[in-house]
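**Q** quick one, structure for this:
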Amino acid sequence: MAASPAIDAARVIADLRELDRRTGGEGGAQRVCWGDVWREARDFLGELLAEIDLAPDRDEAGNLWAYLPGEADPALALGSHTDSVPNGGWLDGAYGVMAALGVLRAWSTGGGKPPRTLALVDWADEEGARFGRSLFGSSAFAGSLRVDDVRELRDAEGAALPEVLAENDVELGRVLDAGSRRGRLAAYLELHIEQGPVLEREGIPTAAVAGCVGIERHRFRISGQAAHAGTTPMELRRDAGLAAADAALRIEAIGREHDGMATTGVLRLEPGIPTAVAGEAELIADLRQADPGELAAMLTEVRAVVSDAAEARECGSEADVIWRIDPIPFDDDLVIAARAACAQVSGTDRQLTSGALHDAAEVARLMPAAMVFCPSIDGLSHAKEENTSDEDLAAGIEAFGALANRLLANGEPLA
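**A** Numbers count the residues shown, from 1 in each chain. Next up, the predicted model:
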């Protein structure tokens, strides 16, 4: 068997900086999926793959794949996503894709065939920044995407999802056919920045990820009565806006009580003018917890407090689900291997659960999956200020490469 080649972390970081030069800059990353800049990012990835004589191809959901043939199949898959949020960070997603390329490059130029085929994947529309549906490409691959649920989605300019997909040679009715590639893969690994403050605060350069939290994202509508701000007595008002504000504060408290995350990131009022009592209010609650029982309890309590806050001001309320995903644990053996790889590189085998979602959560429904994290400066992500020191970036890349080589050398759980 060929000796396991070391990944060139400096080259991976240089590729990331060149990607940032081409698709970002002072305003942050502009690689919103399905748009021109995102396509430019993928063109650059194609250029890098061509350097090692690999050509990418796309599946029916728009995911991009490249395969380096090995001595055995099915393949060990490595990847993440190149798309970003508007004015986002230069590392989110792209870090994992370029590190995956680094692993393929190391084996391609190392003089020997890898013990197993290596597959690079760039998942399409992980962020959901344009249409609000995160993990589009990986959920289509996993078979969990419900096509009818996304068919009517439109972006902020009113463009329909099926039309935008068609502009990118993706037919919505066929996206689930991306699952035909599942049998070609044995396991999946992903590298990502933490996007939070834990690792930096603890001074830890790398960590294994045990899994991703579950999410309940729900829209609540509160109906009161619009009325004149100057002539309607305070005691006679049915103020939907104040009911929503009351509910938002109670939702925050529920997150704290259950050691989870509870966010009201959207609050809209109608008619939304200074001279009128709000007759209608809409709030969107995003609830996150790693424990399914706790997450379910949070949702039950949130529904109750919204109803109670509305009734207290003689308003009505209704709710609907925007999106939900169960907590996803990663494969125990792969997490152990990831901890060992991190200890090998940085001397610590720290393990944590991701509060953000990643494509690995969808893939883990089907096959062994795991992730490696490195720190985020000040815990910032989804912002142009997102950054990580070169030293920590290199540690994460090296731990990721060591994890891939560890699995290739040992054969478990890939056999």
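**Q** from here on, contacts and neighbour counts on C-alpha atoms
**A** Noted.
**Q** and the residue nearest the centre of this structure?
**A** The chain has residue 358 as the residue nearest its centroid, 3.5 Å off, counting by CA atoms, centre = their mean.
**Q** does it really touch residue 135, like I thought?
**A** Yes. Between residue 358 and residue 135 a contact is recorded at 7.3 Å, counting by CA atoms under 8 Å.
**Q** what sits in contact with each of these two?
**A** Common neighbours of residue 358 and residue 135 are listed as residue 126 (criterion: CA atoms under 8 Å, 6 or more residues apart in numbering).
**Q** ok, now how distant is residue 100 from residue 275?
**A** 56 Å (CA to CA, to the nearest Å).
**Q** which one of the two has more residues nearby?
**A** Neighbours around residue 100 and residue 275, counted as other CA atoms under 10 Å, are more numerous at residue 100. The numbers are 30 against 11.
**Q** run the chain-centre distance for the helix or strand harbouring that one.
**A** Counting by DSSP states H and E, the element that carries residue 100 is helix 94-109. In terms of CA atoms, centre = their mean, to the nearest Å, the centre of helix 94-109 is found 20 Å from the chain centre.
**Q** now do that helix: everything it contacts.
**A** Against helix 94-109 from outside (CA under 8 Å, 6+ apart): 4-9, 11-12, 15-16, 49, 52, 68, 78-83, 113-114, 118, 120-122, 190-193, 397, 400-401, 404.
**Q** with stretch 245-260 instead?
**A** 261-264, 283, 285, 287-290, 294-295, 298, 301-302, 305-306, 309.
**Q** drop anything exposed from the residues you listed.
**A** Neighbour counting by 16 or more other CA atoms under 10 Å classes 261-264, 283, 285, 287-290, 294-295, 298, 302, 305-306, 309 among those as buried.
**Q** what about the helices in the chain?
**A** 9-23, 36-50, 94-109, 136-142, 147-150, 161-167, 198-202, 240-257, 292-312, 332-346, 359-363, 390-410 (DSSP state H).
**Q** indicate which one of the ones you listed is closest to residue 179.
**A** helix 136-142 (4.3 Å; CA to CA).
**Q** with just CA atoms, put the closest one into PDB.
**A** Output of helix 136-142 as PDB, limited to C-alpha atoms (Å, rounded to 0.1, in the frame of the first residue of the first chain):
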ATOM      1  CA  PHE A 136     -30.600  21.900  -0.700                       C
ATOM      2  CA  GLY A 137     -28.100  19.800  -2.600                       C
ATOM      3  CA  SER A 138     -27.200  17.400   0.300                       C
ATOM      4  CA  SER A 139     -30.800  16.900   1.300                       C
ATOM      5  CA  ALA A 140     -31.700  16.000  -2.400                       C
ATOM      6  CA  PHE A 141     -28.800  13.500  -2.300                       C
ATOM      7  CA  ALA A 142     -30.000  12.100   1.000                       C
END
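**Q** what is that helix packed up against?
**A** Counting contacts by 3 or more CA pairs under 8 Å, 6 or more residues apart in numbering; DSSP states H and E, helix 136-142 packs against helix 359-363.
**Q** so where's the chain shaky on pLDDT?
**A** For the chain, the stretches with pLDDT under 70 are 1-2, 412-413, 415.
**Q** ok, what's across the strand from residue 189?
**A** residue 78, residue 370 (DSSP bridges).
**Q** could you find the closest non-adjacent residue to residue 387?
**A** Sequence neighbours aside, residue 377 is the residue nearest to residue 387 in space, at 5.6 Å (criterion: CA to CA, 6 or more residues apart in numbering).
**Q** what about that neighbour, distance to residue 195?
**A** Residue 377 is 9 Å from residue 195, by CA to CA.
**Q** more crowded one of the two?
**A** Of the pair residue 377 and residue 195, residue 195 is the one with more neighbours under other CA under 10 Å, namely 25 against 20.
**Q** how about the contacts made by that one?
**A** Contacts of residue 195 by CA under 8 Å, 6+ apart are 356, 375-376, 379-381.
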